[in-house]
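S.K.: only the shape, not the letters, is given here:
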């Protein structure tokens, strides 16, 4: 649960090979000599999936985690029984693993379950073609009530404190949903799935700025300043791989569908990374930039700043763009950015163990900025920025681990590879349909399949630590600061609905289901790497 909480990850986008397509049905079929172990794996997969589809799903949609008795449930925040979550590892992530299971087994049950996911996502799709973090089958009034109660009181989750009524690219919810519809359409070329797919493609194209980047939310909603900060949702956004995920989706569509109109948006998107890199002495990037290309602030704990982990991610993406195009312009200014990151390495004793760099760098000075908070809830509390590395907030780290040596190695490897070599597998150079598309989307590392099967309960679920808990909504926070020190906790007083660590809380986890299904798929198809 909450493994993909915003800014807790640095996800490098696999630009070229990220989508599954249909595999000939003959390749799905089980061999006549299937072993008993294979039969046991198949039975475990089916039992676990049947439980998820029949006991956990709500109208084809999913959240992130549930108590075994279903009395409470969560996405990134606590949800109501009629809600579904779009952010991974939510509803579209379930769709992807169900398609993966169909590819591995040939069992049409998984395809039908994926179609139920598609029905839920079609319901949740905004008229513009994108998706919000969440949807509620009880209707928009119910969703607005959730925003005005649970959402509004999540002190550290400012993105849920206002109902925008539009769609978001944040946290890959729109990208994951769009990729799922692409995969599902390719499976059997069912025309009914081309409709939401085409809407999603149009959404990505309509929302792209001329410079090539995308806003965090679209269509533009009425400005919603929060906590004295301007509305940030229209800024050109790198945070949480907004630009990379959108280009990844467009490239997959080009690979699979051969739509030439997608090439220009992809090229503009790649070039935007060059244009938005600042000049010396700060050749990096921010989480988001204004439309005049300057770093901008977002939430009240995301100051106007250059950002080290965003810069590292963008360096890796520029290397990928070189491999897609063979154009050395994408490598030209990488050394500047790496040298800049190297200079920002913190001396011993400042960063926590395992961290090497400050997250935020002040524009104009190259000095670190650190985030603190005071108060006890969203009503009486506030975040503030200074240059003191002591006592920083824990739910959004002021420190990052940046592998400068690894970045130099990746850059040098790319530089040493001639353009004629790097583009040999590029779908942009070879054309649509020339590059094989991945069979699986969610299958990760191999694991102990017998242990996984043994841990499956008689009812058909894996009881696992959820990892987080939250205070149930009990009313808006008080203007009076409650006693206690909440400056470094994940949650404030008992009116704060933000999630907080709870290693003892056990339940049913979508993330655990996906991980375990991946291990079982690897057990019956070792090629699913």
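M.R.: Now that the structure is in, tell me what you want to look at. Not measured: the values here are computed from a predicted model.
S.K.: going along the chain, name the strands of the stretch 401-529 of the chain.
M.R.: Using DSSP state E, counting those that start in this stretch, the strands found in the stretch 401-529 of the chain span residues 463-470, 499-509.
S.K.: what lines up beside the first one in the sheet?
M.R.: Its sheet considered, strand 463-470 pairs with strand 499-509 (antiparallel) by DSSP bridges.
S.K.: pull out the buried residues from the partner strand.
M.R.: 499-500, 507-509 (16 or more other CB atoms under 10 Å). (Each C-beta comes from the backbone N, C-alpha and C, glycine too.)
S.K.: which of these sit farthest apart?
M.R.: Comparing all pairs in the buried residues of strand 499-509 by CB to CB, the longest separation belongs to 500 and 508, at 19.5 Å.
S.K.: number of nearby residues for residue 195?
M.R.: A count of nearby residues for residue 195, using other CB atoms under 10 Å, gives 13.
S.K.: oh sorry, the question was meant for residue 69
M.R.: Residues near residue 69, counting by other CB under 10 Å, number 7.
S.K.: please apply the same query to the one 4 residues further on.
M.R.: Counted by other CB under 10 Å, the residues lying close to residue 73 total 21.
S.K.: and it, what is it in contact with?
M.R.: Taking CB atoms under 8 Å, 6 or more residues apart in numbering as the criterion, residue 73 is in contact with 63, 65-67, 79, 81.
S.K.: how far away is residue 194 from residue 176?
M.R.: Separation of residue 194 from residue 176 (CB to CB, to the nearest Å): 18 Å.
S.K.: meant to ask about residue 522
M.R.: Using CB to CB, residue 522 is found at 21 Å from residue 176.
S.K.: residue 268 now?
M.R.: 23 Å.
S.K.: so the two - more neighbours on which side?
M.R.: Ranked by neighbour count (other CB under 10 Å), residue 268 and residue 176 place residue 176 first, with 24 against 17.
S.K.: just give the closest residue to the more buried one, not the sequence neighbours.
M.R.: residue 92 (3.9 Å; CB to CB, 6 or more residues apart in numbering).
S.K.: SS state for that neighbour?
M.R.: Of the three states, residue 92 takes helix under DSSP: H, G, I helix; E, B strand; the rest coil.
S.K.: hang on, it packs against residue 86?
M.R.: Yes. Because the distance of 6.5 Å satisfies CB atoms under 8 Å, residue 92 is recorded as touching residue 86.
S.K.: can you list residues touching both of those two?
M.R.: Common neighbours of residue 92 and residue 86 (criterion: CB under 8 Å, 6+ apart): 121, 173, 176-177.
S.K.: in helices only, show me these.
M.R.: Counting by DSSP state H, the part of those found in helices is 121, 173, 176-177.
S.K.: for the residues you listed, pick the one with the most neighbours.
M.R.: When neighbours are counted by other CB under 10 Å, residue 177 leads those with 31 neighbours.
S.K.: quick one: low-confidence residue ranges for the stretch 301-450 of the chain.
M.R.: Nowhere does the stretch 301-450 of the chain drop to pLDDT under 70.
S.K.: any chance you could map the helices in it?
M.R.: Assigned by DSSP state H, counting those that start in this stretch, the helices in the stretch 301-450 of the chain fall at 308-325, 334-343, 404-415, 419-422, 427-430, 449-455.
S.K.: other SSEs contacting the last one?
M.R.: Helices and strands touching helix 449-455, as assessed by 3 or more CB pairs under 8 Å, 6 or more residues apart in numbering; DSSP states H and E, comprise helix 36-51, helix 510-524.
S.K.: same deal with the longest one?
M.R.: Secondary structure elements in contact with helix 308-325, counted by 3+ CB pairs under 8 Å, 6+ apart, are helix 242-257, helix 263-276, helix 334-343, strand 357-358, strand 399-400, helix 404-415, helix 419-422, helix 427-430.
S.K.: over to the third one?
M.R.: On a contact count with 3+ CB pairs under 8 Å, 6+ apart, helix 404-415 meets helix 308-325, helix 334-343.
S.K.: tell me the one of the ones in helices among the shared contacts of residue 92 and residue 86 nearest residue 420?
M.R.: The closest of these to residue 420 turns out to be residue 176 (CB to CB; 34.4 Å).
S.K.: that closest one reaches residue 94, doesn't it?
M.R.: No. Checked against CB under 8 Å, the pair residue 176 and residue 94 is beyond contact range at 10.2 Å.
S.K.: so what's the residue count around the closest residue to residue 362 other than its chain neighbours?
M.R.: The spatially closest residue to residue 362, leaving aside those adjacent along the chain, is residue 369, at 5.3 Å (CB to CB, 6+ apart). Residue 369: 21 surrounding residues under other CB under 10 Å.
S.K.: tell me what residue 369 is bridged to.
M.R.: On the basis of DSSP bridges, residue 369 is bridged to residue 360.
S.K.: so what's the closest residue to residue 161 other than its chain neighbours up against?
M.R.: Nearest residue to residue 161 in three dimensions, chain neighbours excluded: residue 152, at 5.1 Å (CB to CB, 6+ apart). Taking CB under 8 Å, 6+ apart, we find residue 152 in contact with 160-162, 378, 476.
S.K.: from residue 233, how far off is residue 152?
M.R.: Residue 152 sits 17 Å away from residue 233, going by CB to CB.
S.K.: I figured residue 305 was touching residue 366, is that so?
M.R.: No. Using CB under 8 Å, residue 305 is not in contact with residue 366, being 10.7 Å away.
S.K.: who has more neighbours out of the two?
M.R.: Taking other CB under 10 Å, residue 305 and residue 366 do not tie; residue 305 has more neighbours (23 against 14).
S.K.: state the number of residues packed around the closest residue in space to the more buried one that isn't next to it in sequence.
M.R.: Sequence neighbours aside, residue 360 is the residue nearest to residue 305 in space, at 3.9 Å (criterion: CB to CB, 6+ apart). By other CB under 10 Å, the residues close to residue 360 number 24.
S.K.: would you mind measuring from residue 360 to residue 369?
M.R.: 4 Å.
S.K.: do residue 363 as well
M.R.: Distance from residue 363 to residue 369, by CB to CB: 10 Å.
S.K.: sounds good, over and out.
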